[in-house]
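Asks: Sequence and predicted model, in that order:
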Amino acid sequence: MRYRSRVTAPAAALIGTAAVLARGNPAYAGVRTDDAPAPETVPQTAPETLGDPVFPALGNDGYRVDAYHLDFSYDASTALVDATATLELRTTQALSRLSLDALGLDIRTVRVDGRTATFEQVDEKLRITPARPLPDRARVTVCVTYTADPRRALAHTAWVPTADGFAICPQPDSAHTVFPCNDHPSDKADFTFRITVPAALRAVASGAPVCTEELAGDRTAYTYRSRSPIATELVQITVGDYVVKERLGPHGLPLRDVVPAARAEALEPALALTPGLVEWIEARLGAYPFETYGLLPCNSDDPSAFDFTGLETQTLTLYKPNYLLQAEPKIGSHMMHELVHSYFGNSVSPATWADLWLNEGHADFYGLLYRYERGWADSLGLTTFEARMKDTYARGDQWRKSSGPVAAPNAVNLFDSQRYLGGVLVLYALRQLIGEDAFHAVERAFLARHRNSSASTQDYIAIASQTCGQDVSGFLRDWLYGTTTPRMPGHPDWTVTPVTPSLTAPRRQPGARWHENSATL
């Protein structure tokens, strides 16, 4: 069971008060005494939530983050990380106190605009009281120094310890076990990483390399910077005995794989597939959206190291290394799934975690298309997209009962098959309704409109209607939020299997992340 932070009664009262003040009370509109400041100028305690429907305690309001500057120093003898996280913020209201998400970090100091600030750690929040209140629409720098132990036992964690260092897997809500942050995909920011390690090791992070410094004490510092904003759940930082293998993709795209030195030769056949994968998806979704792409086969064979095969950390997809040792028909479809996340999930991030189907449905949709084009049978032995969709359609009402509608998950069923194959079925139904050319136009329009930002299910519905020339909002809402499966356009003969008690899905622990529901595996 994964731990979720609870807001204490006093904090809840403050959140409620701040929310009311932020909205304004019409009963008091325009009423103020001569000596009272205008309500909008009174510093308030920022709400310690962004109101996510799946993870309601996640994220913080009252500001937005423009940039993170993370400076890590890894000690191989203790396996500890000494770190400084510097955040550049913009306030969205006058603040007397703000909070960051943080769990399992030993905070030493906090400074706001260079001045020492008081702080406390409560549940999964780092509450910060600046020496002076912060005005609305101010540019603010928050600097936090701390120590992290990648091997610390926590209720949930992003750290993946290895024999020679670590990697991280923050999705969906664990980035704040690595660095204090506004841990929600709606608040994307620029990132700079500086990681200092013993000279025998290599450090790599999301983004492009900026410089390498040879330091005293036989240590090396590696600096990387993102050219596009990153959601906190997509950050990658890794340290280990790695070699970096570089090659060119389509149109000269730099490809970079970060590979355990002892496994480099064995993993080369899988790594060599990436240029062809990029070329295939660019023909359908447009130019790859970031400065580089590559794979990070994490140097761990521990089956409990992380609970999925691959994770789309931005520009550097994390994988279990042994998975990539299989033949191309076993891995190519899922490699496409992870690459598609560069478009759906990374370039365009979900506005809330209820919008996860936009990520996983699209990744499985194109991953399956790639599989069936090559005649590779899937896990059910099926070899055509239509056959898989017919099988999925039959399961529709059962999934809606056991996992809810496609776009209405909760923390327990967030990564159920409904968000993956259920999302594919929605996209297939839309394509059946409007035709293939219009569908491709919708996909590209959505990606262009929301590039480097976040988008909601409603955003996708709106763009679909605007782009295809007909109002498909009711059609898509029925497919995404209905409790029963609608009729499939073009297939009046397809039927849904009636729901019976014997088909009830197994119970799952709250917060369990069943990432292996992808049909591309």
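Replies: Yes, it's here. Residues are numbered from 1 along each chain as shown.

Asks: Surely residue 423 is in contact with residue 366?
Replies: No - using Cβ atoms under 8 Å, residue 423 is not in contact with residue 366; the gap is 11.7 Å. Heads up, the C-betas are built off the backbone N, CA and C, glycines and all.

Asks: how about the strands of the stretch 101-250 of the chain, start to end?
Replies: Per DSSP state E, counting those that start in this stretch, the stretch 101-250 of the chain carries strands over the ranges 105-112, 115-116, 118-122, 125-129, 139-148, 159-162, 165-168, 190-198, 202-205, 208-215, 219-225, 237-240, 242-248.

Asks: Now do the shortest one: which elements does it pack against?
Replies: Using 3 or more Cβ pairs under 8 Å, 6 or more residues apart in numbering; DSSP states H and E as the contact definition, strand 115-116 packs against no other helix or strand.

Asks: circling back: the strands of the stretch 101-250 of the chain into CSV, with extra columns for mean pLDDT, distance to residue 306 and mean neighbour count?
Replies: Formatted as CSV, the strands of the stretch 101-250 of the chain follow (pLDDT from 0 to 100; distance: least, Cβ to Cβ, whole Å; neighbours: other Cβ atoms under 10 Å):
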stretch, mean pLDDT, distance to residue 306, mean neighbour count
strand 105-112, 98, 20, 18
strand 115-116, 98, 37, 10
strand 118-122, 98, 25, 15
strand 125-129, 98, 25, 21
strand 139-148, 98, 17, 18
strand 159-162, 96, 6, 20
strand 165-168, 97, 8, 26
strand 190-198, 98, 20, 21
strand 202-205, 98, 17, 25
strand 208-215, 98, 25, 12
strand 219-225, 98, 22, 19
strand 237-240, 98, 13, 26
strand 242-248, 97, 18, 14
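
Asks: With respect to residue 406, which of these lies nearest?
Replies: Minimum separation from residue 406 across these (Cβ to Cβ) falls at strand 165-168, 29.0 Å.

Asks: for that closest one, packing partners?
Replies: strand 159-162, strand 237-240.

Asks: what's the closest non-adjacent residue to residue 168?
Replies: Leaving aside its sequence neighbours, residue 168 sits nearest to residue 158 (Cβ to Cβ, 6 or more residues apart in numbering; 4.6 Å).

Asks: Give me the distance between that neighbour and residue 266.
Replies: For residue 158, the distance to residue 266 equals 27 Å [Cβ to Cβ, to the nearest Å].

Asks: of the two, who's got more company?
Replies: Of the pair residue 158 and residue 266, residue 158 is the one with more neighbours under other Cβ atoms under 10 Å, namely 27 against 15.

Asks: what residues are up against that one?
Replies: Residue 158 makes contact with 168-170, 174-175, 177-178, according to Cβ atoms under 8 Å, 6 or more residues apart in numbering.

Asks: Neighbour-wise, which one of these leads?
Replies: When neighbours are counted by other Cβ under 10 Å, residue 178 leads the contacts of residue 158 with 29 neighbours.

Asks: list the contacts for residue 348?
Replies: Counted by Cβ under 8 Å, 6+ apart, residue 348 has contacts 358, 446-447, 450-451, 453-455.

Asks: and if you look at residue 400?
Replies: By Cβ under 8 Å, 6+ apart, the contact set of residue 400 is 418, 482-485.

Asks: Nearest to the spatial middle of this structure, which residue is it?
Replies: Against the mean C-alpha coordinate of the chain, by Cα atoms, centre = their mean, the closest residue is residue 233 at 4.0 Å.

Asks: For residue 151, see how far away it is.
Replies: With distances taken as Cβ to Cβ, residue 233 is found 22 Å from residue 151.

Asks: same deal with residue 118?
Replies: Distance from residue 118 to residue 151, counting by Cβ to Cβ: 30 Å.

Asks: For residue 330, pull up the helix or strand it's in.
Replies: Assigned by DSSP states H and E, residue 330 belongs to helix 328-340.

Asks: Can you dump the C-alpha atoms of that helix in CSV for me?
Replies: Written as CSV, here are the backbone C-alpha positions of helix 328-340 (Å, rounded to 0.1, in the frame of the first residue of the first chain):
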residue,chain,number,x,y,z
GLU,A,328,12.9,-7.8,-32.1
PRO,A,329,9.3,-9.3,-32.5
LYS,A,330,9.2,-9.5,-28.6
ILE,A,331,10.3,-6.0,-27.9
GLY,A,332,9.7,-3.8,-31.0
SER,A,333,6.1,-3.0,-30.3
HIS,A,334,6.8,-1.9,-26.7
MET,A,335,9.8,0.1,-27.7
MET,A,336,7.4,2.0,-30.0
HIS,A,337,5.0,2.4,-27.1
GLU,A,338,7.7,4.1,-25.1
LEU,A,339,8.8,6.3,-28.0
VAL,A,340,5.2,7.4,-28.6
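
Asks: Other residues contacting that helix?
Replies: 269-270, 273-274, 277-278, 280-281, 285, 293, 309-312, 317, 319, 323-324, 362-368, 370-371, 374, 376, 378, 518, 520-521.

Asks: circling back: got a markdown table for the helices and strands packed on strand 165-168, with distance to residue 354 too?
Replies: Listed next are the helices and strands packed on strand 165-168 as a markdown table, based on distance: least, Cβ to Cβ, whole Å:
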| stretch | distance to residue 354 |
| --- | --- |
| strand 159-162 | 27 |
| strand 237-240 | 28 |
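
Asks: Nearest to residue 208, out of these?
Replies: Of all these, it is strand 237-240 that lies closest to residue 208, at 14.5 Å by Cβ to Cβ.
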